[in-house]
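Novice: Could you work out the structure for the sequence below:
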Amino acid sequence: MTRWLAVLALAVATSASAKTLTVCTEANPDGFDYSLFHANSTADASSEALYNRLVEFEPGTTRLVPALAERWEISPDGRSYTFHLRPGVAFHTTPWFRPTRPLQAQDVVYSVMRQIDPRHPWHGQARPGWYYASAMQLAGLVQRVVAVDELTVRFELTRPEAPFLANLAMGFLSVLSAEYAQQLEAAGRLADMNLKPVGTGPFVFRSHVKDAVVRYDANPTYFRGRVALDKLIFSISPDPAARLQRLKAGECDVALYPVPQSWDDIRRDTRLKLLTGPGLVTTFAALNVTHKPLDDRRVRQALVLATDRPAVARAIYSGAAAPAGNPYPPSQWSYDESAAPPRQDLAKARELLRAAGVADGFALKLWIRAGAGATNPNPRATAELLQADWGRIGVKVDVVTLEFGELLKRTRAGEHDATLLAWASDNGDPDNFLTPNFGCAAVAGGSNVSRWCRPEFDALLAEARQAAEAPRRDALYRRAQALYREDAPWVPLVYPTYAIATSQRVVGLTVSPFGLNNYAKVDLR
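Specialist: Numbering: from 1, shown residues only. Presented below is the predicted three-dimensional model:
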């Protein structure tokens with residue numbers, strides 16, 4: 001008995017001394033194979049914690065740095081990218097998988113080709129489709145991915161693609177284990193790739209209890225060196241007020257997405273810190289142009305003109321956001337500063353509705369997500385402001401609240417009239433706002449939830465992607481923004497500022513312009 005008590009005491013002491021970072025986050029991860037999803041809460045728990053890419057963004061910036069690839073070469077014609085992998089990068093050892101070899105080129109080939117090759121045995125695993133690969137039109141760009149040797153992989157493209165290197169840093173191109181995939185395929189357990197993940201990243205997955213907690217341990221064989229933390233815990237807390245209260249009570253070390261109305265309170269609390277930074281993000285209402293009368297651009301323009309953006313910035317964001325007019329914010333290069341956000345003009349809006357034959361107004365359903373997030377601290381209140389604004393020109397708005405995953409699924413299917421969403425850049429390139437949200441191919445892929453397709457706009461994007469010179473790309477994207485404003489597939493609302501609340505113990509955490517949260521460089525003092 002005495003020996004048993006001594007062992008128990010040692011275990012408790014060891015647990016208490018472990019550096020455990022507890023993050024109060026907004027939502028469950030949708031899964032752990034991020035190629036299938038796109039919510040930031042899922043990215044935090046998968047691509048950021050568990051995996052690596054060939055190249056990655058330095059935390060808090062849009063600067064590309066080497067990751068699984070030590071170096072690379074691009075052919076003179078821009079159609080071939082050759083990457084040289086780091087030797088000896090270990091995959092996670094878990095109760096469900098023990099790797100027999102380190103990272104090899106075949107792992108990169110598997111991770112990409114499963115998403116773009118319909119003949120690949122894993123391609124059909126994504127029943128809703130490979131979200132990002134479809135939105136980014138990857139199948140039409142990547143002709144082949146070749147394992148030149150164990151540590152060399154070559155991408156052969158159908159055309160030059162200026163954003164390609166930045167695209168490779170996106171979470172959906174995280175590198176997974178082909179050896180683990182073969183094991184799961186042989187066992188008929190393909191779904192386990194999403195439920196029992198294996199990566200190379202700074203943390204190793206341990207468990208997930210839905211609506212409660214996700215647990216990770218530090219990766220003892222991480223190729224960049226073991227992180228300072230011993231354990232990482234995501235505690236699911238959908239209500240931002242509850243997250244902040246838990247932070248104050250010491251139950252969390254990090255509270256994500258505090259509402260702007262609480263920022264002054266956080267700053268006054270000497271136990272806490274508020275981290276802020278500009279986001280590459282736009283909050284908007286997407287209008288489904290396949291639903292009448294929203295198929296008439298005059299109707300869409302009327303909704304744009306009926307909207308009081310400064311009121312949204314004041315009431316919802318307490319000034320921690322700027323009124324929006326373009327599809328992306330001023331911090332994104334090629335932003336068209338010559339076009340100011342449109343001012344509310346109810347008379348002009350009514351005139352446009354009369355010209356479109358709906359002078360008496362019409363009814364629409366505006367879908368919003370339950371809860372709140374980094375890009376919108378109060379979707380319900382935002383919807384009510386739009387309901388009031390649009391009601392002043394005779395548009396009756398019925399606000400419908402859906403769980404976030406259900407909302408994304410149904411808007412991708414085009415069931416909505418309008419939906420309140422936000423888009424955060426994934427790679428710091430203008431193409432990442434424009435192609436996934438407005439490209440014709442992205443209608444079928446689902447990320448183009450406005451379902452707007454204009455060939456002239458598509459041609460500008462295609463030319464810009466293949467242009468090597470930045471000034472030429474800049475000019476093309478400015479022309480594309482003009483077409484966007486003319487056709488109004490979105491009602492742009494605001495460009496929000498990102499914020500994270502932490503205890504004073506947390507060091508090394510930075511605010512990402514992409515709205516992602518990476519804890520590999522975080523420590524507790």
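
Novice: In the longest helix along the chain, which residues are buried?
Specialist: Ranked by number of residues, the top helix in the chain under DSSP state H is helix 470-487. Neighbour counts over helix 470-487 (16 or more other Cβ atoms under 10 Å) mark Arg473, Asp474, Leu476, Tyr477, Arg478, Ala480, Gln481, Tyr484, Arg485, Asp487 as buried. C-beta coordinates here come from the backbone N, C-alpha and C atoms, glycine included.

Novice: ditto for stretch 217-227
Specialist: Buried-residue list, stretch 217-227, by 16+ other Cβ under 10 Å: Asp217, Ala218, Asn219, Thr221, Tyr222, Phe223, Val227.

Novice: where in the chain is pLDDT low?
Specialist: For the chain, applying pLDDT under 70 flags the ranges 1-17, 445.

Novice: With adjacent residues omitted, what lies nearest to Glu56?
Specialist: Nearest residue to Glu56, sequence neighbours excluded (Cβ to Cβ, 6 or more residues apart in numbering): Ala67, at 4.2 Å.

Novice: Verify the stated contact: the one you found with Arg53.
Specialist: Yes. Using Cβ atoms under 8 Å, Ala67 makes contact with Arg53 at a distance of 5.5 Å.

Novice: wouldn't Gln261 be in contact with Ser318 here?
Specialist: Yes. Here Gln261 lies in contact with Ser318, judged by Cβ under 8 Å, at a distance of 5.2 Å.

Novice: Adjacent strands (with direction) for the longest strand anywhere in the chain?
Specialist: The longest strand of the chain (DSSP state E) is strand 490-503. With DSSP bridges as the test, strand 490-503 is paired with strand 254-256 (antiparallel), strand 272-278 (antiparallel), strand 281-287 (antiparallel), strand 321-323 (antiparallel).

Novice: So which bits of stretch 243-258 are buried?
Specialist: Neighbour-count burial for stretch 243-258 [16+ other Cβ under 10 Å]: Arg243, Leu244, Arg246, Leu247, Lys248, Cys252, Asp253, Val254, Ala255, Leu256, Tyr257, Pro258.

Novice: Adding secondary structure and distance to Tyr110, write the residues you listed out as JSON lines.
Specialist: Formatted as JSON lines, those follow (DSSP: H, G, I helix; E, B strand; the rest coil; distance: Cβ to Cβ, whole Å):
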{"residue": "Arg243", "secondary structure": "helix", "distance to Tyr110": "37"}
{"residue": "Leu244", "secondary structure": "helix", "distance to Tyr110": "42"}
{"residue": "Arg246", "secondary structure": "helix", "distance to Tyr110": "40"}
{"residue": "Leu247", "secondary structure": "helix", "distance to Tyr110": "40"}
{"residue": "Lys248", "secondary structure": "helix", "distance to Tyr110": "45"}
{"residue": "Cys252", "secondary structure": "coil", "distance to Tyr110": "37"}
{"residue": "Asp253", "secondary structure": "coil", "distance to Tyr110": "36"}
{"residue": "Val254", "secondary structure": "strand", "distance to Tyr110": "34"}
{"residue": "Ala255", "secondary structure": "strand", "distance to Tyr110": "37"}
{"residue": "Leu256", "secondary structure": "strand", "distance to Tyr110": "32"}
{"residue": "Tyr257", "secondary structure": "coil", "distance to Tyr110": "34"}
{"residue": "Pro258", "secondary structure": "coil", "distance to Tyr110": "40"}
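
Novice: out of those residues, who's nearest Pro455?
Specialist: Nearest to Pro455 out of these is Tyr257 (Cβ to Cβ; 38.3 Å).

Novice: That closest one - nearest residue in space that isn't next to it in sequence?
Specialist: Of all residues not flanking Tyr257 in the chain, Ala374 sits nearest, at 4.4 Å (Cβ to Cβ, 6+ apart).

Novice: Leu256 is in contact with the one you found, correct?
Specialist: Yes. Contact criterion Cβ under 8 Å: Ala374 and Leu256 qualify, at 6.9 Å.

Novice: shared neighbours of these two, anything?
Specialist: Common neighbours of Ala374 and Leu256 (criterion: Cβ atoms under 8 Å, 6 or more residues apart in numbering): Glu26.

Novice: Pull up the gap between the closest residue to Gln104 other than its chain neighbours and Arg101, please.
Specialist: Leaving aside its chain neighbours, Gln104 sits nearest to Glu150 (4.8 Å; criterion: Cβ to Cβ, 6+ apart). Glu150 sits 9 Å away from Arg101 when distances are taken as Cβ to Cβ, to the nearest Å.

Novice: Which neighbours do those two have in common?
Specialist: When contacts are counted by Cβ under 8 Å, 6+ apart, the set common to Glu150 and Arg101 is empty.

Novice: Quick one: distance of the longest strand of the chain to the chain centre.
Specialist: How far strand 490-503 lies from its chain's middle: 13 Å, per Cα atoms, centre = their mean, to the nearest Å.

Novice: Next secondary structure element downstream of that strand?
Specialist: Following strand 490-503 in sequence order, the next helix or strand is strand 506-507 (DSSP states H and E).

Novice: What is that following strand packed up against?
Specialist: When contacts are defined as 3 or more Cβ pairs under 8 Å, 6 or more residues apart in numbering; DSSP states H and E, strand 506-507 sits against strand 523-524.

Novice: List of residues touching the strand it packs on?
Specialist: The set of residues external to strand 523-524 that reach it, using Cβ under 8 Å, 6+ apart, is Lys19, Leu21, Ala228, Leu229, Asp253, Arg505, Val506, Val507, Gly508.

Novice: List just the nearest of the residues you listed to Tyr110.
Specialist: Lowest distance from Tyr110 to those (Cβ to Cβ) belongs to Leu229, with 29.5 Å.

Novice: Out of the contacts of strand 523-524, which comes closest to Arg63?
Specialist: Comparing the contacts of strand 523-524 against Arg63 with Cβ to Cβ places Gly508 closest, at 17.3 Å.

Novice: Now do the contacts for the closest one.
Specialist: Gly508 makes contacts with Ala228, Lys521, Val522, Asp523, as judged by Cβ under 8 Å, 6+ apart.

Novice: do that again at 7 Å, thanks
Specialist: Counting by Cβ atoms under 7 Å, 6 or more residues apart in numbering, Gly508 touches Lys521, Val522, Asp523.

Novice: what does Thr375 give?
Specialist: When contacts are counted by Cβ under 7 Å, 6+ apart, Thr375 touches Val281, Thr283, Ala422, Ala424, Pro496.

Novice: could you show me where the helices are in the stretch 351-500 of the chain, in order?
Specialist: Along the stretch 351-500 of the chain, the segments classed as helices by DSSP state H, counting those that start in this stretch run 379-391, 404-412, 431-438, 441-445, 455-466, 470-487.

Novice: can I get the ones you listed in a markdown table with distance to Ser338?
Specialist: A markdown table is the format used below for the helices of the stretch 351-500 of the chain (distance: least, Cβ to Cβ, whole Å):
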| stretch | distance to Ser338 |
| --- | --- |
| helix 379-391 | 25 |
| helix 404-412 | 31 |
| helix 431-438 | 18 |
| helix 441-445 | 27 |
| helix 455-466 | 17 |
| helix 470-487 | 8 |
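
Novice: Of all those, which one comes closest to Lys210?
Specialist: From the helices of the stretch 351-500 of the chain, taking Cβ to Cβ, the stretch that ends up closest is helix 404-412, at 11.8 Å.
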